[in-house]
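J.: how would this look folded up:
(2 chains)
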Amino acid sequence: MGNEAMFWSDLFLTPFLTGLGLALTLPVLGCFLRLRDEWLAALAYAQVAAAGALLALVLGLMPALGGMLAAGLAGLGKPLFSRRLAGGAAFALLMLAGWAIAVLLAANQPLAERLGHALFDGQLYFADAQQLWLTAPWSAFACASLFVMSRHLLLARVYPDHFRARHLRSWPVVIGFDLIAALTLALATMTMGVMGGFALVFVPAWIVFRRAGNWRYSIVISGAIGALAYLLAFQLALWLDQPFGPILALLLIITGLVIA
Amino acid sequence: MAALFEAQRLIAGWSQPAMVPFDGSLMPKQILGVTGPNGVGKTTLLSALSGRAPVFSGELRLRPGLRLAVQTQEVPPVAGIPLNGRELLALTGASSAGLPPWLLERLDIRLDRLSGGQRHYLALWAVLGTPADLILLDEPTNNLDAAGVAHLGQALRMLADQGAGIVVVSHDHDFVDTVSDRVIALKGPGDGK
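T.: Numbering: from 1, shown residues only, chains lettered A, B, ... in the order given. The predicted structure follows:
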C-alpha cells in the first residue's frame, strides 16, 4: 500500500483525526498558559495524567479515565496549593510526583511498562475510535470555552484589581480554566504522549509571543503552526516509521528556532 | 445626591495599620486630591477604598453598588505579551475617542514596543474609560511629559463633569492643585501637629 493510501485507511485516519483537534487546541491553550506564566503546568498535568493512567491500568480500570481523573484533580486542587507554593513550585512538584509514580509503576508492573512506553514515546497511531469520540468534542468545547474566557483571562493578567473593584467573581473562570487545561492535557497525553502534547502547548505559543503584533493574531497563528506541524509530523513519522511524539517535537523546535 | 464614600478617622493597612487617620468624603462630579509625604498612607487609603486593604479602625462607608475603576502605581505586566493598545482598551470597554494624536496613531503597536510614557498613558486611559462611579488614581502623572499631564487634567475634568467622582493621589502638587476641587494633605506623625 502506498503512503497516501495508507494514510486514508481507517487504521491511520482515526488517529490522525484524533490528534488534529488537539493540534489546534493545545497551541491556543498554550497562549493562555503563557499569558498566566503557567506554561510549566502543561508538563505537570501531562505527567500527572500519565501516572493516573498507569495507576488505573494496574487497578484494572480504564487508563484514559484514570489519566483524566488524576489531571482533573490536580487542576481543581491547584488553587489550594499554589497559594503556598508560589513561583511555579506547585507545578514543578506535581510534575516530579507524576513522573516518579509513573516510572515506579512502569518498572514494577509489566502491563504498565507497555503503556508507559506508549505514553512517553508518543505513539499517536494507537488512538482508536473511542478516543476520537472523546477527543473531538472535547477539543471543540475547550476552544469555545477559551474563546469565551479570553477577555476575563487577559483582564486578570493586565488589571488584577479589576474584578475586586467591580465586585465581580473571578474564581469560576480561574477554576474553569485550570480544569480545561488539566483535562485537555490529559487527553493529549493519552493521544500523543507527554512530550508531544507539551511541544504543542509550548512552542507555538513561544513563537507568537515573540513575533505576533496582537492577541487575536497570536491565537490564529499559534493554531495554524500547531496544525501544520502536526500534519507534517504525522506524514513524516509514518514515512520514516518512527514514533510520532519525537518527530513532532523536533519539527516544532526547528520551526521555533527559525521563526522566533 | 449621596456621597460616593465617607470616611471618619479611617485607619487601614496590611498586616498592621499603615496610614494616618483619614477624614473625608466625595460627592459625584468632584475631584479630590490627596497629597502627603512618603509613608503617610496615601496608597493604602486608595487600597482601602477599593476593598484591597482591610480597615483597622474608624469608619468607611461606600455607596452601595458603587462601580470602581482603579489605577495602581504598578505598570500592567505586558512585557512579552502580544497585546496592542486597541485590544487593551477593548478589554476595559474604553473608547479611543479623546486620546491624544500621539497615542491614537500607535494603537496597533504592541504595548511592550511603546515607550514607558506611552504605555503608562494607554494603561491609564483604559482605566479612565471603564464605566465607573468612583475613579481611584495613584500617581497618575508618573512617566508623563508635560503634554501628557495637560491632557490628563482635561480628561479628568471631563469625566467629573459627566458624573464620576475621582480621587487623585500624587506627589505632583501642581497637578493636584490644578485638577482638584478639594485637596487633603495627609500629615505624618511628626509633621507639625
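J.: quick one: is stretch B:108-121 near chain A?
T.: Yes - Stretch B:108-121 comes into contact with chain A (Cβ under 8 Å from any Cβ of the partner chain), by way of B:108-110. Glycine gets a C-beta too; all of them are placed from N, C-alpha and C.
J.: Select only the buried ones of these in PyMOL?
T.: A single PyMOL command selects the buried members of these (16 or more other Cβ atoms under 10 Å in any protein chain shown):
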select buried, chain B and resi 109+110
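J.: Can you tell me which of the residues of stretch B:108-121 next to chain A is nearest chain A?
T.: Checking the residues of stretch B:108-121 next to chain A against chain A with Cβ to the nearest Cβ, the nearest one is B:R110 at 5.8 Å.
J.: Could you pull up the contacting residues of the closest one?
T.: A:213-214, B:82-84 (Cβ atoms under 8 Å, 6 or more residues apart in numbering or on different chains).
J.: which of the residues you listed tops the neighbour count?
T.: When neighbours are taken as other Cβ atoms under 10 Å in any protein chain shown, the top entry among the contacts of B:R110 is B:P82 (27 neighbours).
J.: Give me the nearest residue to B:A94, chain neighbours excluded.
T.: B:G129 (2.3 Å; Cβ to Cβ, 6 or more residues apart in numbering or on different chains).
J.: I figured that neighbour hits B:A90, correct?
T.: No - using Cβ atoms under 8 Å, B:G129 is not in contact with B:A90, being 10.1 Å away.
J.: Which residue of the two possesses the greater neighbour count?
T.: Higher neighbour count among B:G129 and B:A90: B:G129, with 20 against 16, using other Cβ under 10 Å.
J.: beta partners of the one residue sitting closest to the centre of chain B?
T.: For chain B, the residue sitting closest to the mean C-alpha position, by Cα atoms, centre = their mean, is B:L137 at 0.7 Å. Listed beta-bridge partners, B:L137: B:Q71, B:V168 (assigned using DSSP bridges).
J.: Enumerate every residue touching it.
T.: Residues counted as contacts of B:L137 (Cβ under 8 Å, 6+ apart) are B:71, B:124, B:127, B:156, B:166-170.
J.: ok, those vs A:H162, which is closest?
T.: For these, the residue nearest A:H162 by Cβ to Cβ is B:V127; the value is 8.8 Å.
J.: just checking, what packs against whichever strand or helix holds that closest one?
T.: Using DSSP states H and E, B:V127 sits in helix B:116-128. In terms of contacts (3 or more Cβ pairs under 8 Å, 6 or more residues apart in numbering or on different chains; DSSP states H and E), helix B:116-128 is packed against strand B:68-71, helix B:85-92, helix B:101-104, strand B:134-138, helix B:146-161.
J.: which residues touch stretch A:147-157?
T.: With Cβ under 8 Å, 6+ apart, stretch A:147-157 has contacts from A:32, A:35-36, A:162-163, A:170, A:173-174, A:176-177, A:215, A:219, B:77, B:81, B:83, B:87, B:91-92.
J.: quick one: the residue of the stretch 1-150 of chain A found nearest chain B and A:A156, what's the gap?
T.: Distances between the stretch 1-150 of chain A and chain B by Cβ to the nearest Cβ are smallest at A:L35, namely 6.3 Å. Per Cβ to Cβ, to the nearest Å, A:L35 is found 9 Å from A:A156.
J.: A:A205 now?
T.: Applying Cβ to Cβ to A:A205 and A:A156 gives a distance of 17 Å.
J.: Tell me which of the two has more neighbours.
T.: A count of neighbours by other Cβ under 10 Å puts A:A205 above the other of A:A205 and A:A156, at 28 against 19.
J.: Correct me if wrong: that one contacts A:G223.
T.: No - counting by Cβ under 8 Å, A:A205 does not reach A:G223; the two are 10.5 Å apart.
J.: what do those two both touch?
T.: A:P27.
J.: list the contacts for A:T189?
T.: A:45-46, A:49-50, A:53, A:67, A:71, A:119, A:197.
J.: what does B:T35 give?
T.: B:T35 sits next to B:42, B:169-171, B:173, B:176, B:183-186 when contact means Cβ under 8 Å, 6+ apart.
J.: For it, grab phi and psi.
T.: Dihedral angles of B:T35 (phi, psi; degrees, to the nearest 10) stand at phi -120, psi 180.
J.: in the helix or strand containing A:A23, what counts as buried?
T.: Using DSSP H and E, A:A23 sits within helix A:10-35. Within helix A:10-35, the residues that count as buried by 16+ other Cβ under 10 Å are A:12, A:14-16, A:18-35.
J.: residue ranges with poor pLDDT in the stretch 51-200 of chain A?
T.: A:87 (pLDDT under 70).
J.: In space, what's closest to the residue in it that chain B sits nearest to - neighbours in sequence excluded?
T.: Nearest residue of the stretch 51-200 of chain A to chain B (Cβ to the nearest Cβ) works out as A:A165 at 3.9 Å. Spatial nearest neighbour of A:A165, chain neighbours left out: B:L68 (3.9 Å); criterion: Cβ to Cβ, 6+ apart.
J.: re the thing from before, can you redo the contacts of B:R110 as a markdown table with pLDDT and distance to A:A249?
T.: Output for these, formatted as a markdown table (pLDDT from 0 to 100; distance: Cβ to Cβ, whole Å):
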| residue | pLDDT | distance to A:A249 |
| --- | --- | --- |
| A:G213 | 95 | 27 |
| A:N214 | 97 | 28 |
| B:P82 | 97 | 23 |
| B:L83 | 97 | 28 |
| B:N84 | 97 | 31 |
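J.: just to revisit the earlier point, let me know the average pLDDT across the helix holding A:A23.
T.: Mean pLDDT, helix A:10-35: 93.
J.: Which of the contacts of B:R110 fall within helices?
T.: Members of those lying in helices (criterion: DSSP state H): none.
J.: Get me the contact residues on chain B for chain A.
T.: Counting by Cβ under 8 Å from any Cβ, the residues of chain B that sit close to chain A are B:50-52, B:67-70, B:72, B:76-78, B:80-84, B:86-88, B:91-92, B:108-110, B:123, B:126-127, B:130.
J.: Of the residues you listed, keep whichever come out buried.
T.: B:50-52, B:68-70, B:72, B:76, B:78, B:81-84, B:87-88, B:91-92, B:109-110, B:123, B:126-127, B:130.
J.: Quick check: B:R61 is in a strand.
T.: Yes - under DSSP: H, G, I helix; E, B strand; the rest coil, B:R61 sits within a strand.
J.: With adjacent residues omitted, what lies nearest to it?
T.: That would be B:E6: by Cβ to Cβ, 6+ apart, it lies 4.8 Å from B:R61.
J.: Next, that neighbour: secondary structure please.
T.: strand.
J.: do B:A79 as well
T.: coil.
J.: and it, what does it touch?
T.: B:A79 touches B:D112, counting by Cβ under 8 Å, 6+ apart.
J.: so for stretch B:38-46, what's the average pLDDT?
T.: 92.
J.: And the contacts of it?
T.: Stretch B:38-46 is contacted from outside by B:10, B:12-14, B:18-20, B:22, B:34-36, B:53, B:70, B:72-73, B:136, B:138, B:167, B:169, B:186-188, using Cβ under 8 Å, 6+ apart.
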